[in-house]
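> From the sequence below, what's the structure:
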Amino acid sequence: MPSGTLTAAALRVIKLLVGNRPQTVAELMQATGVTRTAVTEQLNELVAAGFVERTVERLPGRGRPRHLFAATEAAMVLLFAANQRIIIPAIWSAVREAGGDALVRRVLDRVTERLVEHYSRQIRATEPAERLRQLVDVLNKEGALIDVIEHEGELLIHRRSCPFYNISDEDLAVCGVDIGLMSRVVGAPVRRVACRHDGDPCCTFALSEQNGR
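This is a model prediction of the structure:
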């Protein structure tokens, strides 16, 4: 999963790579006006973070192979995250306007079904508590920020990042997807015990001890 804090210089390199053919270090040096050492450091940072991939091009004859650098899908998402904050809520508003509450419920049910299918394939445990921990591990590897702690006979899931952040501020119905996903993948009821919309730092869900066994 792409990670790391990017410098302004590294972000400039991403903008040069997205939507263009793979570039060499020399081409990026010319475009940025900085030294080979600086470009190489920026590329190494981006490759390590998962925003750029490096390939080797074999040249005809006896010429030395050269490295080519291209932006990954993660770079595209990173670069246009601001657009998603506008487009996704607009799409969601259009769904509600087109079909009202009935269509919203149908869409959310389908979204939950697709997510359950996706994550259930990756869970191998049989007990609900262990299935929950494995689900959280998968979600965290995908970039989520989720903590699981044991408290007074319950497993508490602190979902510090929200996959529906841009939508839930407008329509809390979408928050039910998380509950449906966890309950169906885990195989036991999961309930929400705290919500950031009520002033809590994050949304918290609970799996009781009797369901966790």
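> Longest helix in the chain, please.
What stands out as the longest helix in the chain, according to DSSP state H, is helix 81-120.
> helices or strands up against that one?
On a contact count with 3 or more Cβ pairs under 8 Å, 6 or more residues apart in numbering; DSSP states H and E, helix 81-120 meets helix 128-141, helix 165-168, helix 176-186. (C-beta placed from N, C-alpha, C; glycine too.)
> Most tightly packed of the ones you listed?
Highest mean neighbour count among the helices and strands packed on helix 81-120 (mean count of other Cβ atoms under 10 Å): helix 176-186, with a mean of 21.
> What's the separation between the most centrally placed residue in the chain and residue 65?
Closest to where the C-alpha atoms of the chain average out (Cα atoms, centre = their mean) is residue 143, at 4.6 Å. Distance of residue 143 to residue 65, given as Cβ to Cβ, to the nearest Å: 33 Å.
> Over to residue 87?
For residue 87 relative to residue 65 (Cβ to Cβ), the value is 41 Å.
> Could you do residue 177 as well?
From residue 177 to residue 65 the distance is 47 Å (Cβ to Cβ).
> cool, and residue 27?
Taking Cβ to Cβ, one finds residue 27 at 16 Å from residue 65.
> neighbour-wise, which of those two wins?
residue 27 (16 against 10; other Cβ atoms under 10 Å).
> And the contacts of the helix or strand hosting that one?
Assigned by DSSP states H and E, residue 27 belongs to helix 25-32. Around helix 25-32, the neighbours that count as contacts under Cβ atoms under 8 Å, 6 or more residues apart in numbering are 9, 12-13, 16, 23, 35-36, 38-40, 43, 67, 69.
> quick check, nearest of those residues to residue 133?
Closest approach to residue 133 among those (Cβ to Cβ): residue 43, at 36.7 Å.
> So the residue nearest to that closest one when sequence neighbours are not counted: helix, strand or coil?
Nearest residue to residue 43 in three dimensions, chain neighbours excluded: residue 69, at 5.6 Å (Cβ to Cβ, 6 or more residues apart in numbering). Here residue 69 is recorded as strand under DSSP: H, G, I helix; E, B strand; the rest coil.
> what sits against residue 163?
The contact partners of residue 163, taken as Cβ under 8 Å, 6+ apart, are 144, 178.
> Are we agreed that it is in a strand?
No. Counting by three-state DSSP, residue 163 is not part of a strand but coil.
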